[in-house]
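Peer 1: please work out how this folds:
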Amino acid sequence: MQKAIQTIASGMTWFSQILAELGLLGLLLVVFYEVVARYLLNRPTVFSVEISEYLLVLVTFLSAGWVLREDRHVRMLALVSILPERLRLFLDISTSLLVMIFCVVLMWKGGKTVIMAYLGGYHSSSLLNFPLWIPYSIIPFGAFILGVQSIVRIGDRVKTLKRSRV
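Peer 2: Numbers count the residues shown, from 1 in each chain. Now for the predicted structure:
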């Protein structure tokens, strides 16, 4: 069962990582185009700031699961490295549980916001008139990926903890 969860989590994380990379490429192109249009052609666009904001949210939330899988989140290595291995594993499990709880709250509240924006027909107040449920849905989706990756991390740490006892 754990292997199946890891495989599914790995696939979802890979997919969200690819989307985040494409979003980062899109962000680069939008900002580059805006700089050229504004400062060289003296014709700024009306859409670049709004699109950049949406792409920044996409990159941030969809890459969080991948960052956790690659073990690249910010932490206090000076403190953690002096702790015994078992205590580090317990702390890692505890922080992963806190991340999971945070992701559940983010999915719940974010999901409510997406549904409200969709049913209410909310659109951005800019000239683009973009439907807001689309960028809002990135947040609970990214939280879901991060939460699933936290479950995998907890399973790995528990397995390592059991092995170290033997």
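
Peer 1: now I82, what's its secondary structure?
Peer 2: Put simply, I82 is coil when judged by DSSP: H, G, I helix; E, B strand; the rest coil.

Peer 1: count the residues that sit near it.
Peer 2: I82 has 8 neighbouring residues, counting by other CB atoms under 10 Å. For every residue, glycine as well, the C-beta is placed using N, CA and C.

Peer 1: any idea how far it lies from R153?
Peer 2: 22 Å (CB to CB, to the nearest Å).

Peer 1: give me the most central residue, this protein.
Peer 2: The residue lying closest to the centre of the chain (CA atoms, centre = their mean) is F61, at 2.5 Å.

Peer 1: and the helix or strand harbouring that residue, what does it pack against?
Peer 2: Here F61 sits within helix 48-69, counting by DSSP states H and E. For helix 48-69, the packing partners by 3 or more CB pairs under 8 Å, 6 or more residues apart in numbering; DSSP states H and E come out as helix 2-35, helix 133-165.

Peer 1: alpha carbons of the least confident helix or strand in the chain by mean pLDDT, as CSV, please.
Peer 2: The weakest-scoring helix or strand in the chain, judged by mean pLDDT, DSSP states H and E, is helix 77-80 (a mean of 79). C-alpha atoms of helix 77-80 as CSV (Å, rounded to 0.1, in the frame of the first residue of the first chain):
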residue,chain,number,x,y,z
LEU,A,77,20.9,22.9,9.9
ALA,A,78,23.3,24.2,12.6
LEU,A,79,20.8,23.1,15.2
VAL,A,80,19.5,20.0,13.5
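
Peer 1: distance between it and the chain's centre?
Peer 2: Mean C-alpha position of helix 77-80 versus that of the full chain (CA atoms, centre = their mean, to the nearest Å) differs by 25 Å.

Peer 1: check which helices and strands the very next helix or strand once past it sits against.
Peer 2: For helix 77-80, the following helix or strand on the C-terminal side (DSSP H and E) is helix 85-120. Counting contacts by 3+ CB pairs under 8 Å, 6+ apart, helix 85-120 is packed against helix 133-165.
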